[in-house]
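Chemist: below is the sequence, then the predicted model.
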Amino acid sequence: MAGFLVRRLINYLVLVVVATSLAYMLAASALDPRSNYEGRNPPLPPAVIDARLDELNLNTETPLFERYLTWARGVLHGDFGLTVTGDSVNEDLRRRAGVSLRLVTLGLIFGSVTGVLIGAYAAVKQYGVFDRLSTIGSFVVLAIPTVVLANMLIIAAVWFNDLVGAKIFLVSGEYSDGLQGGLGAQFVDRVQHLVLPTLSLSLGLIAVYSRYQRNMMLDVLGADFIRTAMAKGLSRRAALVKHALRTALIPAVTYFAFSFGTLITGATFTEKIFGWHGLGEQLVNSIFTNDVNTVAAISCLAAFSVLLAALASDVLHAVLDPRVRMG
(Lines give C-alpha, C1' and ligand atoms only; values in the text may rest on other atoms or scores of the structure.)
Protein backbone atom coordinates (compact mmCIF):
# COMPACT_ATOMS: atom_id res chain seq x y z
CA MET A 1 0.00 0.00 0.00
CA ALA A 2 2.85 2.37 0.83
CA GLY A 3 4.39 1.86 -2.61
CA PHE A 4 1.03 2.52 -4.26
CA LEU A 5 0.57 5.79 -2.36
CA VAL A 6 4.13 6.94 -3.10
CA ARG A 7 3.64 6.38 -6.83
CA ARG A 8 0.36 8.25 -6.75
CA LEU A 9 1.91 11.12 -4.79
CA ILE A 10 4.68 11.53 -7.36
CA ASN A 11 2.12 11.60 -10.18
CA TYR A 12 0.02 14.17 -8.35
CA LEU A 13 3.01 16.42 -7.64
CA VAL A 14 3.90 16.45 -11.34
CA LEU A 15 0.30 17.34 -12.19
CA VAL A 16 0.30 20.14 -9.59
CA VAL A 17 3.44 21.66 -11.10
CA VAL A 18 2.00 21.49 -14.61
CA ALA A 19 -1.40 22.86 -13.57
CA THR A 20 0.10 25.70 -11.54
CA SER A 21 2.54 26.65 -14.30
CA LEU A 22 -0.22 26.73 -16.91
CA ALA A 23 -2.40 28.80 -14.59
CA TYR A 24 0.36 31.38 -14.18
CA MET A 25 1.05 31.48 -17.92
CA LEU A 26 -2.63 31.95 -18.70
CA ALA A 27 -3.12 34.66 -16.07
CA ALA A 28 0.06 36.51 -17.08
CA SER A 29 -0.97 36.39 -20.75
CA ALA A 30 -4.63 37.34 -20.33
CA LEU A 31 -4.46 39.97 -17.56
CA ASP A 32 -3.02 43.46 -18.03
CA PRO A 33 -1.70 44.99 -14.77
CA ARG A 34 -0.53 48.07 -16.70
CA SER A 35 -4.17 49.07 -17.28
CA ASN A 36 -4.52 49.70 -13.52
CA TYR A 37 -2.43 52.86 -13.96
CA GLU A 38 -4.37 54.25 -16.92
CA GLY A 39 -6.74 57.19 -16.57
CA ARG A 40 -4.99 58.72 -13.58
CA ASN A 41 -4.86 62.46 -13.22
CA PRO A 42 -2.15 63.57 -13.44
CA PRO A 43 -0.92 60.62 -15.57
CA LEU A 44 2.10 58.71 -14.31
CA PRO A 45 5.25 58.76 -16.44
CA PRO A 46 5.80 55.44 -18.31
CA ALA A 47 9.16 55.01 -16.57
CA VAL A 48 7.48 55.16 -13.15
CA ILE A 49 4.87 52.62 -14.21
CA ASP A 50 7.55 50.27 -15.56
CA ALA A 51 9.58 50.54 -12.37
CA ARG A 52 6.53 49.74 -10.25
CA LEU A 53 5.54 46.79 -12.43
CA ASP A 54 9.12 45.48 -12.35
CA GLU A 55 9.01 45.62 -8.56
CA LEU A 56 5.84 43.53 -8.58
CA ASN A 57 7.12 41.19 -11.34
CA LEU A 58 4.10 42.20 -13.44
CA ASN A 59 5.72 44.15 -16.26
CA THR A 60 4.33 42.92 -19.57
CA GLU A 61 7.45 44.29 -21.29
CA THR A 62 9.46 41.56 -19.55
CA PRO A 63 9.34 38.21 -21.41
CA LEU A 64 6.64 35.90 -20.04
CA PHE A 65 9.00 33.00 -19.35
CA GLU A 66 11.36 35.27 -17.42
CA ARG A 67 8.49 36.48 -15.24
CA TYR A 68 7.42 32.89 -14.72
CA LEU A 69 10.90 31.81 -13.58
CA THR A 70 11.05 34.69 -11.10
CA TRP A 71 7.65 33.75 -9.72
CA ALA A 72 8.46 30.02 -9.61
CA ARG A 73 11.70 30.64 -7.66
CA GLY A 74 9.71 32.56 -5.09
CA VAL A 75 7.09 29.79 -4.84
CA LEU A 76 9.82 27.22 -4.17
CA HIS A 77 10.77 29.34 -1.14
CA GLY A 78 7.15 29.70 -0.05
CA ASP A 79 6.70 33.24 -1.41
CA PHE A 80 3.85 33.88 -3.88
CA GLY A 81 4.98 37.44 -4.56
CA LEU A 82 3.16 40.74 -4.21
CA THR A 83 -0.36 41.86 -5.07
CA VAL A 84 -1.03 44.78 -7.43
CA THR A 85 -1.16 47.04 -4.38
CA GLY A 86 2.25 45.87 -3.15
CA ASP A 87 0.99 43.75 -0.27
CA SER A 88 2.15 40.21 0.37
CA VAL A 89 0.07 37.58 -1.42
CA ASN A 90 0.91 35.13 1.38
CA GLU A 91 -0.53 37.35 4.09
CA ASP A 92 -3.68 38.05 2.09
CA LEU A 93 -4.40 34.40 1.33
CA ARG A 94 -3.43 32.84 4.66
CA ARG A 95 -6.71 33.67 6.38
CA ARG A 96 -8.79 33.30 3.23
CA ALA A 97 -7.48 29.78 2.65
CA GLY A 98 -8.62 28.74 6.11
CA VAL A 99 -12.08 30.20 5.47
CA SER A 100 -12.54 28.40 2.15
CA LEU A 101 -11.07 25.07 3.23
CA ARG A 102 -13.24 25.02 6.36
CA LEU A 103 -16.37 25.67 4.33
CA VAL A 104 -15.51 23.33 1.46
CA THR A 105 -14.31 20.46 3.67
CA LEU A 106 -17.45 20.50 5.80
CA GLY A 107 -19.64 20.78 2.72
CA LEU A 108 -17.85 17.91 0.99
CA ILE A 109 -17.94 15.56 3.98
CA PHE A 110 -21.57 16.26 4.80
CA GLY A 111 -22.69 16.15 1.16
CA SER A 112 -20.82 13.00 0.15
CA VAL A 113 -21.65 10.97 3.28
CA THR A 114 -25.32 11.95 3.22
CA GLY A 115 -25.57 11.34 -0.52
CA VAL A 116 -23.97 7.90 -0.24
CA LEU A 117 -26.35 6.87 2.55
CA ILE A 118 -29.40 8.13 0.67
CA GLY A 119 -28.31 6.44 -2.56
CA ALA A 120 -27.54 3.12 -0.89
CA TYR A 121 -30.86 3.04 0.95
CA ALA A 122 -32.73 4.04 -2.22
CA ALA A 123 -31.12 1.12 -4.06
CA VAL A 124 -32.13 -1.33 -1.33
CA LYS A 125 -35.69 0.07 -1.46
CA GLN A 126 -35.73 0.21 -5.27
CA TYR A 127 -38.98 1.62 -6.71
CA GLY A 128 -40.28 2.24 -3.21
CA VAL A 129 -41.55 5.56 -1.86
CA PHE A 130 -38.14 6.63 -0.53
CA ASP A 131 -36.46 5.77 -3.84
CA ARG A 132 -38.95 7.80 -5.86
CA LEU A 133 -38.88 10.78 -3.51
CA SER A 134 -35.07 10.86 -3.40
CA THR A 135 -34.96 10.66 -7.21
CA ILE A 136 -37.38 13.56 -7.62
CA GLY A 137 -35.55 15.60 -4.96
CA SER A 138 -32.17 14.98 -6.61
CA PHE A 139 -33.35 16.10 -10.04
CA VAL A 140 -35.01 19.21 -8.59
CA VAL A 141 -31.82 20.22 -6.76
CA LEU A 142 -29.64 19.55 -9.81
CA ALA A 143 -31.93 21.71 -11.93
CA ILE A 144 -31.53 24.74 -9.65
CA PRO A 145 -28.37 26.88 -10.11
CA THR A 146 -26.22 27.37 -7.01
CA VAL A 147 -26.95 31.11 -6.96
CA VAL A 148 -30.72 30.52 -6.91
CA LEU A 149 -30.43 27.70 -4.38
CA ALA A 150 -28.40 29.86 -1.98
CA ASN A 151 -30.91 32.69 -2.15
CA MET A 152 -33.77 30.24 -1.61
CA LEU A 153 -32.02 29.03 1.55
CA ILE A 154 -31.65 32.63 2.75
CA ILE A 155 -35.35 33.34 2.17
CA ALA A 156 -36.32 30.12 3.96
CA ALA A 157 -34.00 30.92 6.88
CA VAL A 158 -35.40 34.44 7.29
CA TRP A 159 -38.95 33.05 7.19
CA PHE A 160 -38.07 30.40 9.79
CA ASN A 161 -36.40 32.96 12.06
CA ASP A 162 -39.51 35.15 11.91
CA LEU A 163 -41.71 32.13 12.56
CA VAL A 164 -39.93 31.09 15.76
CA GLY A 165 -39.15 34.65 16.80
CA ALA A 166 -35.40 34.07 17.16
CA LYS A 167 -32.31 34.24 14.97
CA ILE A 168 -31.57 30.54 14.57
CA PHE A 169 -29.90 30.81 11.15
CA LEU A 170 -27.58 33.73 10.39
CA VAL A 171 -27.27 34.56 6.72
CA SER A 172 -24.29 36.89 6.35
CA GLY A 173 -20.65 36.70 7.38
CA GLU A 174 -18.53 34.13 9.20
CA TYR A 175 -19.33 35.42 12.69
CA SER A 176 -21.11 38.26 14.47
CA ASP A 177 -18.99 41.36 15.07
CA GLY A 178 -18.67 42.43 18.69
CA LEU A 179 -20.18 39.23 20.05
CA GLN A 180 -20.01 39.06 23.83
CA GLY A 181 -19.68 35.76 25.63
CA GLY A 182 -17.33 32.84 26.17
CA LEU A 183 -16.15 30.08 23.88
CA GLY A 184 -19.55 28.40 23.98
CA ALA A 185 -21.37 31.47 22.68
CA GLN A 186 -18.75 32.02 19.97
CA PHE A 187 -18.96 28.38 18.87
CA VAL A 188 -22.76 28.54 18.59
CA ASP A 189 -22.48 31.79 16.62
CA ARG A 190 -20.00 30.22 14.19
CA VAL A 191 -22.29 27.22 13.67
CA GLN A 192 -25.28 29.50 13.03
CA HIS A 193 -23.31 31.28 10.31
CA LEU A 194 -21.98 28.01 8.90
CA VAL A 195 -25.22 26.07 8.41
CA LEU A 196 -26.61 27.87 5.35
CA PRO A 197 -23.43 28.10 3.21
CA THR A 198 -22.62 24.48 4.06
CA LEU A 199 -26.09 23.41 2.95
CA SER A 200 -25.71 25.50 -0.20
CA LEU A 201 -22.60 23.52 -1.13
CA SER A 202 -23.84 20.17 0.15
CA LEU A 203 -27.24 19.90 -1.50
CA GLY A 204 -25.80 19.57 -5.00
CA LEU A 205 -23.33 16.95 -3.79
CA ILE A 206 -26.07 15.02 -2.01
CA ALA A 207 -28.06 14.92 -5.23
CA VAL A 208 -25.08 13.76 -7.32
CA TYR A 209 -23.75 11.20 -4.84
CA SER A 210 -27.19 9.74 -4.16
CA ARG A 211 -27.77 9.09 -7.88
CA TYR A 212 -24.24 7.78 -8.34
CA GLN A 213 -24.30 5.54 -5.29
CA ARG A 214 -27.76 4.19 -6.10
CA ASN A 215 -26.58 2.97 -9.50
CA MET A 216 -23.39 1.46 -8.07
CA MET A 217 -25.33 -0.27 -5.31
CA LEU A 218 -27.83 -1.73 -7.78
CA ASP A 219 -24.95 -3.20 -9.78
CA VAL A 220 -23.74 -5.27 -6.82
CA LEU A 221 -27.00 -6.20 -5.10
CA GLY A 222 -27.55 -9.13 -7.44
CA ALA A 223 -23.92 -10.21 -7.58
CA ASP A 224 -22.91 -13.78 -6.83
CA PHE A 225 -20.75 -12.86 -3.82
CA ILE A 226 -23.77 -11.31 -2.07
CA ARG A 227 -25.85 -14.45 -2.56
CA THR A 228 -22.90 -16.59 -1.44
CA ALA A 229 -22.46 -14.53 1.74
CA MET A 230 -26.14 -14.93 2.59
CA ALA A 231 -26.05 -18.64 1.76
CA LYS A 232 -23.25 -19.06 4.31
CA GLY A 233 -25.55 -17.72 7.02
CA LEU A 234 -24.83 -13.98 6.92
CA SER A 235 -27.95 -11.89 7.45
CA ARG A 236 -29.18 -9.71 4.58
CA ARG A 237 -28.39 -6.53 6.50
CA ALA A 238 -24.85 -7.66 7.28
CA ALA A 239 -24.29 -8.77 3.68
CA LEU A 240 -25.50 -5.44 2.36
CA VAL A 241 -23.35 -3.36 4.72
CA LYS A 242 -20.21 -5.49 4.84
CA HIS A 243 -20.04 -6.59 1.21
CA ALA A 244 -22.44 -4.73 -1.08
CA LEU A 245 -21.97 -1.22 0.29
CA ARG A 246 -18.21 -1.65 0.64
CA THR A 247 -17.86 -2.73 -2.98
CA ALA A 248 -20.22 -0.04 -4.27
CA LEU A 249 -18.26 2.66 -2.41
CA ILE A 250 -15.09 2.16 -4.47
CA PRO A 251 -16.25 4.28 -7.47
CA ALA A 252 -17.67 6.88 -5.08
CA VAL A 253 -14.37 7.48 -3.28
CA THR A 254 -12.68 7.87 -6.66
CA TYR A 255 -15.12 10.67 -7.41
CA PHE A 256 -14.28 12.27 -4.05
CA ALA A 257 -11.18 14.14 -5.30
CA PHE A 258 -12.99 15.55 -8.32
CA SER A 259 -15.79 16.76 -6.07
CA PHE A 260 -13.30 18.66 -3.92
CA GLY A 261 -11.83 20.41 -6.95
CA THR A 262 -15.30 21.36 -8.16
CA LEU A 263 -16.25 22.77 -4.75
CA ILE A 264 -13.10 24.91 -4.52
CA THR A 265 -14.21 26.84 -7.59
CA GLY A 266 -17.95 26.43 -7.00
CA ALA A 267 -17.66 28.03 -3.56
CA THR A 268 -17.08 31.39 -5.28
CA PHE A 269 -20.81 32.10 -5.55
CA THR A 270 -21.51 30.79 -2.08
CA GLU A 271 -18.83 32.99 -0.52
CA LYS A 272 -20.11 36.05 -2.37
CA ILE A 273 -23.74 35.49 -1.44
CA PHE A 274 -23.14 34.68 2.24
CA GLY A 275 -20.36 37.24 2.78
CA TRP A 276 -17.54 34.78 3.45
CA HIS A 277 -14.19 36.32 2.52
CA GLY A 278 -12.47 33.25 1.12
CA LEU A 279 -10.39 32.23 -1.88
CA GLY A 280 -13.31 32.17 -4.29
CA GLU A 281 -14.25 35.77 -3.58
CA GLN A 282 -10.63 36.87 -3.85
CA LEU A 283 -10.18 35.01 -7.15
CA VAL A 284 -12.96 37.04 -8.73
CA ASN A 285 -11.61 40.28 -7.27
CA SER A 286 -8.09 39.47 -8.48
CA ILE A 287 -9.22 38.87 -12.05
CA PHE A 288 -10.98 42.24 -12.11
CA THR A 289 -7.88 43.99 -10.74
CA ASN A 290 -5.45 42.14 -13.07
CA ASP A 291 -3.64 40.66 -10.08
CA VAL A 292 -1.63 37.92 -11.79
CA ASN A 293 0.28 36.75 -8.71
CA THR A 294 -2.86 36.30 -6.60
CA VAL A 295 -4.70 34.43 -9.36
CA ALA A 296 -1.72 32.09 -9.78
CA ALA A 297 -1.37 31.60 -6.02
CA ILE A 298 -5.04 30.66 -5.64
CA SER A 299 -4.71 28.23 -8.55
CA CYS A 300 -1.69 26.67 -6.83
CA LEU A 301 -3.53 26.33 -3.52
CA ALA A 302 -6.51 24.79 -5.30
CA ALA A 303 -4.21 22.29 -7.05
CA PHE A 304 -2.61 21.27 -3.74
CA SER A 305 -6.04 20.93 -2.16
CA VAL A 306 -7.11 18.58 -4.94
CA LEU A 307 -3.85 16.66 -4.44
CA LEU A 308 -4.65 16.11 -0.76
CA ALA A 309 -8.22 15.09 -1.62
CA ALA A 310 -6.91 12.67 -4.24
CA LEU A 311 -4.54 11.11 -1.69
CA ALA A 312 -7.41 10.73 0.76
CA SER A 313 -9.41 9.12 -2.03
CA ASP A 314 -6.56 6.69 -2.74
CA VAL A 315 -6.28 5.75 0.93
CA LEU A 316 -10.01 5.06 1.11
CA HIS A 317 -9.76 3.07 -2.12
CA ALA A 318 -6.96 0.95 -0.63
CA VAL A 319 -8.95 0.38 2.55
CA LEU A 320 -12.01 -0.76 0.60
CA ASP A 321 -10.20 -2.84 -2.04
CA PRO A 322 -7.60 -5.37 -0.76
CA ARG A 323 -6.21 -5.78 -4.28
CA VAL A 324 -4.80 -2.25 -4.12
CA ARG A 325 -2.96 -2.98 -0.86
CA MET A 326 -1.35 -6.04 -2.39
CA GLY A 327 -0.39 -4.24 -5.59
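Modeler: Yes, it's here. Residues are numbered from 1 along each chain as shown.
Chemist: wait, residue 25 sits on residue 64?
Modeler: Yes. Counting by Cβ atoms under 8 Å, residue 64 is a contact partner of residue 25 at 6.7 Å. Any C-beta I mention is one placed from the backbone N, CA and C, and that applies to glycine too.
Chemist: who has more neighbours, those two?
Modeler: Using other Cβ atoms under 10 Å as the criterion, residue 25 and residue 64 rank with residue 25 on top: 15 against 12.
Chemist: flag the shaky bits of the stretch 151-300 of the chain, pLDDT-wise.
Modeler: Counting by pLDDT under 70, the stretch 151-300 of the chain contains low-confidence residues at 181, 257, 261-262, 265-266.
Chemist: what about the helices in it?
Modeler: Assigned by DSSP state H, counting those that start in this stretch, the stretch 151-300 of the chain shows helices spanning 183-221, 224-231, 236-239, 246-274, 279-288, 292-320.
Chemist: for residue 69, find the nearest of those.
Modeler: Closest approach to residue 69 among those is made by helix 292-320 (13.2 Å; Cβ to Cβ).
Chemist: so what's the gap between the closest one and the chain middle?
Modeler: Computed by Cα atoms, centre = their mean, to the nearest Å, the chain-centroid distance of helix 292-320 equals 9 Å.
Chemist: quick one: list the elements packing against that helix.
Modeler: Contact partners of helix 292-320 among helices and strands, from 3 or more Cβ pairs under 8 Å, 6 or more residues apart in numbering; DSSP states H and E: helix 2-30, helix 64-76, helix 89-124, helix 246-274, helix 279-288, helix 322-326.
Chemist: and the shortest one, average pLDDT?
Modeler: Just to be clear, that refers to helix 322-326. Computed over helix 322-326, the mean pLDDT rounds to 60.
Chemist: ditto for the third one
Modeler: Here helix 89-124 scores 88 as its mean pLDDT.
Chemist: right, and the helix or strand after it?
Modeler: Toward the C-terminus, helix 89-124 is succeeded by helix 129-143 as the next helix or strand (DSSP states H and E).
Chemist: okay, which residue of the chain is out on the far edge from center?
Modeler: Residue farthest from the centre of the chain, counting by Cα atoms, centre = their mean, is residue 42 at 43.9 Å.
Chemist: can you pull the phi/psi pair for it?
Modeler: In terms of degrees, to the nearest 10, the main-chain angles of residue 42 are phi -80, psi 150.
Chemist: contact partners for the residue lying closest to residue 142 once chain neighbours are set aside?
Modeler: Once flanking residues are discounted, residue 142 sits nearest to residue 207: 5.0 Å by Cβ to Cβ, 6 or more residues apart in numbering. Contacts for residue 207 (Cβ atoms under 8 Å, 6 or more residues apart in numbering) come out as 115, 137-139, 141-142.
Chemist: and residue 133, how many residues sit next to it?
Modeler: Applying other Cβ under 10 Å, I find that residue 133 has 12 neighbouring residues.
Chemist: per-residue pLDDT, it?
Modeler: The model reports residue 133 with a pLDDT of 94.
Chemist: tell me the gap between stretch 82-90 and the middle of its chain.
Modeler: 24 Å.
Chemist: that stretch spans what distance, first to last residue?
Modeler: The first and last residues of stretch 82-90 sit 8 Å apart, counting by Cα to Cα, to the nearest Å.
Chemist: pull out the buried positions in that stretch.
Modeler: Applying a neighbour-count criterion of 16 or more other Cβ atoms under 10 Å, one finds 82-84, 89 buried in stretch 82-90.
Chemist: related to what we said a few turns ago, can you tell me which of the helices of the stretch 151-300 of the chain comes nearest to residue 101?
Modeler: Residue 101 lies closest, by Cβ to Cβ, to one member of those: helix 292-320, at 6.8 Å.
Chemist: what's the angle from the closest one to helix 279-288?
Modeler: Interaxial angle, helix 292-320 versus helix 279-288 (axes from the mean of the first three to the mean of the last three Cα atoms, to 10 degrees): 150 degrees.
Chemist: okay, angle between helix 292-320 and helix 246-274 too, please.
Modeler: Angle between the axes of helix 292-320 and helix 246-274 is 160 degrees (criterion: the same axes, to 10 degrees).
Chemist: for residue 105, state which of the buried residues of stretch 82-90 is nearest.
Modeler: Comparing the buried residues of stretch 82-90 against residue 105 with Cβ to Cβ places residue 89 closest, at 22.5 Å.
Chemist: I figured the closest one hits residue 78, correct?
Modeler: No. Here residue 89 lies out of contact with residue 78, judged by Cβ under 8 Å, at a distance of 11.0 Å.
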